[in-house]
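**Student:** I would like the atomic coordinates for the input below:
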Amino acid sequence: MTSIDIDHEQHDDRHDQHDDAGPDEPSTPGDDRVARLVHPRAIRWFHWINVPLLTIMVWSGLRIYWAEDVYAFGIGSWEWFAFFPEVVYEQLGLDRRLARGMAFHFSFGWLFVINGVAYSIYLALTGEWRHIVPDRRVPREAAQVVAHDLHLRKDAPPQGKYNAAQRMAYTAVLVMAAILVISGFAIYKPTQLHPLPYLFGGYQGARLTHFAMTIGIVLFFVVHLLQVARAGWNNFRSMITGYSLEPASPADVAAPDVTTPTDEEATS
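**Tutor:** From the prediction side, this is the model:
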């Protein structure tokens, strides 16, 4: 991308921020905040492409899972809880259409794999992985983040692009996604790819692992949504536009940031 393209993109983002600003986030010449790039365009694409892909994968995967014996907790003949009660499938309209579930699952599964491989390559080539992969300080700081979120600690620990708890969670979900794909191939082609089922103790072990990783990713998604709602609109907008409005530093006051709207732009 040329410098002209970058300037043009920043100019468009400034106007988008001016139009979208709410009463708590005024976009006026007197606003003491500046727009900073948080999420590059590629990261945003990889992120949002996964939303429909994972939705379809979970929906179609439940159709496949529902065609076999479901997992349940219990002792002997007494069943405490089944994954999932039949009423769940009835309410979601997930009748036993195995062929349709397999068709969707395998078709969109390849797109999920391609998106994941492209994302991994991007992280490696750009160095973005450094913002995600935890270092030795992360476990201690993650505990401090959780304590702060639970109002057990007054001050939040310092953070970079992501806080320590986010880095651990994002790394965990990437590992779960990799295991999900490998176990999925073990179920998909247990004969042709016969070494893969052995990694999980056989076909049933691969199936159980695949199910457990799916549950883990769904739980991560739920917590992720709650955290996004808790963080507010500015955080959510940054994953759409790439930019976040942040308080101006002394350096920004001395030398205005290139993404700060000028008087002419703010009134246009």
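**Student:** need the contact list for residue 44.
**Tutor:** Counting by CB atoms under 8 Å, 6 or more residues apart in numbering, residue 44 makes contact with 239-240, 242. For glycine as for every other residue, the C-beta is placed from the backbone atoms N, C-alpha and C.
**Student:** and the helices in this structure?
**Tutor:** If DSSP state H is used as the criterion, the helices of the chain fall at 3-20, 41-66, 86-92, 98-126, 138-149, 164-188, 195-199, 203-231, 233-241, 250-254, 263-267.
**Student:** now do the buried residues in the fourth one.
**Tutor:** Along helix 98-126, the positions that meet the burial threshold by neighbour count (16 or more other CB atoms under 10 Å) are 101-102, 104-105, 108-109, 112, 115-116, 119, 122-123.
**Student:** could you list the low-confidence segments of the stretch 151-268 of the chain?
**Tutor:** 249-268 (pLDDT under 70).
**Student:** if you count neighbours, what's buried in stretch 192-208?
**Tutor:** Applying 16+ other CB under 10 Å to stretch 192-208 flags 196-197, 200, 203, 206-207 as buried.
**Student:** which one of the residues you listed sits closest to residue 214?
**Tutor:** Closest approach to residue 214 among the buried residues of stretch 192-208 (CB to CB): residue 207, at 10.8 Å.
**Student:** right, and that closest one touches residue 190 too?
**Tutor:** No. Between residue 207 and residue 190 there is no contact, the gap being 9.7 Å when judged by CB atoms under 8 Å.
**Student:** buried deepest among the helices of the chain, which one?
**Tutor:** helix 164-188 (a mean of 19; mean count of other CB atoms under 10 Å).
**Student:** give me the contacts around that helix.
**Tutor:** Here helix 164-188 has contacts from 106, 109, 112-113, 116, 131-134, 137-142, 144-146, 149, 157, 162, 193, 196-197, 199-200, 203, 206-207, 209-210, 213-214, 216-217, 220, 223-224, using CB under 8 Å, 6+ apart.
**Student:** can you do 6 Å?
**Tutor:** 113, 132-134, 138, 141-142, 145-146, 193, 196-197, 200, 206-207, 209-210, 213, 216-217, 220 (CB atoms under 6 Å, 6 or more residues apart in numbering).
**Student:** leaving aside the residues adjacent along the chain, what's closest to the residue nearest the centre of the chain?
**Tutor:** With distances taken as CA atoms, centre = their mean, the residue of the chain nearest its centroid is residue 47 (6.1 Å). Once flanking residues are discounted, residue 47 sits nearest to residue 239: 6.3 Å by CB to CB, 6 or more residues apart in numbering.
**Student:** try residue 134
**Tutor:** Distance criterion CB to CB, 6+ apart; nearest residue to residue 134, sequence neighbours excluded, is residue 167 at 5.0 Å.
**Student:** mind checking how far the one you found is from residue 237?
**Tutor:** 22 Å (CB to CB, to the nearest Å).
**Student:** domain map for this structure?
**Tutor:** 1-36+244-261, 39-131 (automatic domain parsing).
**Student:** least confident of the ones you listed, on average?
**Tutor:** Mean pLDDT per stretch puts domain 1-36+244-261 lowest among the domains of the chain, at a mean of 53.
**Student:** might you report the residue contacts of residue 89?
**Tutor:** residue 66.
**Student:** against residue 80, how distant is it?
**Tutor:** Taken as CB to CB, the span from residue 89 to residue 80 is 19 Å.
**Student:** which ones are touching residue 219?
**Tutor:** Contacts of residue 219 (CB under 6 Å, 6+ apart): none.
**Student:** and if we set it to 10 Å?
**Tutor:** Listed by CB atoms under 10 Å, 6 or more residues apart in numbering, the contact set of residue 219 reads residue 173.
**Student:** can you tell me how far it sits from residue 212?
**Tutor:** The value you get for residue 219 to residue 212, if CB to CB is used, is 11 Å.
**Student:** one step back: which residues do residue 207 and residue 190 both contact?
**Tutor:** What both residue 207 and residue 190 touch, as defined by CB under 10 Å, 6+ apart, is the set residue 197.
**Student:** can you pull the contacts of residue 86?
**Tutor:** Counting by CB under 10 Å, 6+ apart, residue 86 has contacts 66, 70.
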